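coords below, sequence missing:
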C-alpha cells in the first residue's frame, strides 16, 4: 500500500505559469486536504474536500483551486504562480471529517516560483 | 493569534538524554490533540492522539500528556536517539470541525 503519493517531488516555476500539483491516495479515504508549510508559520490549510465531488476553502485559498472528481485524486492548481507561492505543499487524507480521524500526509512537493 | 503555541522553538540534546516539549492551546470546544513527528524533507507522521478523557498516551519512547483543564500538553522523549532529530508538531482538533489547528513545531536535534 503506497498511502499518499504526490508529484512532482520538486519544481521550479517561472512566475505567471500555470502549475498542477498531483495527489493520489489508495486508502479510500473520504476526506482530502492541501496544506502549505512555510518556515516559521507551520502548516496552513489551502483547500479541502470532505468527499468526492465537494471542495471547500481553507485558511489560505487565494491563488489556488482544487477539484475532486473521484475518491483517490485531489489535484491542486496554481493558475498563475507568484513568488509568494514558493513553499512546500503537503497533501493529506483522512477516513472521515470532523477531526476525529488521523490525517495521513504525503511526502510533499517543494515548489519554487521565480 | 495562533491557537496552538509550542515551546521551546528548538533544542539540541545529547543522545541518550530525555527531553520534554510543551504545547499550549486555546482551541475550544476541544476534541482531541495529536503529536506529529516530521523528519526533514518528509510529511508529518502521527505519534499519539488523546481525547478529553485521556491524560497520557505512550508510543515507544514517546509519552504524551494532556491536561484539558489548563489546555496544556507535553511530549516526553526518553533515551533520545539520533533518529529522533525532527520537528514535533502539536495539532488540536475542535469538536464538529474538520479544521485542525497546527502548532509551528518544536525542532529537536539529537547529537552524538
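Yes, it's here. Every value quoted in this text rests on a predicted model; they were computed, and no experiment measured them.

Tell me the helix or strand right after the helix or strand bottoming out on mean pLDDT in chain B.
Taking mean pLDDT, DSSP states H and E as the measure, chain B has strand B:100-102 as its least confident helix or strand, at a mean of 90. Next in sequence after strand B:100-102, counting helices and strands by DSSP states H and E, comes strand B:106-111.

Name the residues that touch that next one?
Outside strand B:106-111, the residues that touch it by Cβ atoms under 8 Å, 6 or more residues apart in numbering or on different chains are B:6-15, B:19, B:21-22, B:75, B:77, B:80-89. (Each C-beta comes from the backbone N, C-alpha and C, glycine too.)

Strands - which of those land there?
Using DSSP state E, the members of the contacts of strand B:106-111 that fall within strands are B:6-7, B:10-14, B:19, B:21-22, B:75, B:77, B:86-89.

Now rank the residues you listed by neighbours and give me the top one.
residue B:89 (27 neighbours; other Cβ atoms under 10 Å in any protein chain shown).

Quick check: bridge partners of that one?
residue B:36 (DSSP bridges).

can you pull the pLDDT of it?
What the model reports as pLDDT for residue B:89 is 97.

Among the ones in strands among the contacts of strand B:106-111, which one lies nearest to chain A?
residue B:89 (7.1 Å; Cβ to the nearest Cβ).

That closest one and residue B:72: what is the separation?
Residue B:89 is 16 Å from residue B:72, where distance means Cβ to Cβ, to the nearest Å.

ok, now residue B:55?
Where residue B:72 is concerned, residue B:55 sits at a distance of 11 Å (Cβ to Cβ).
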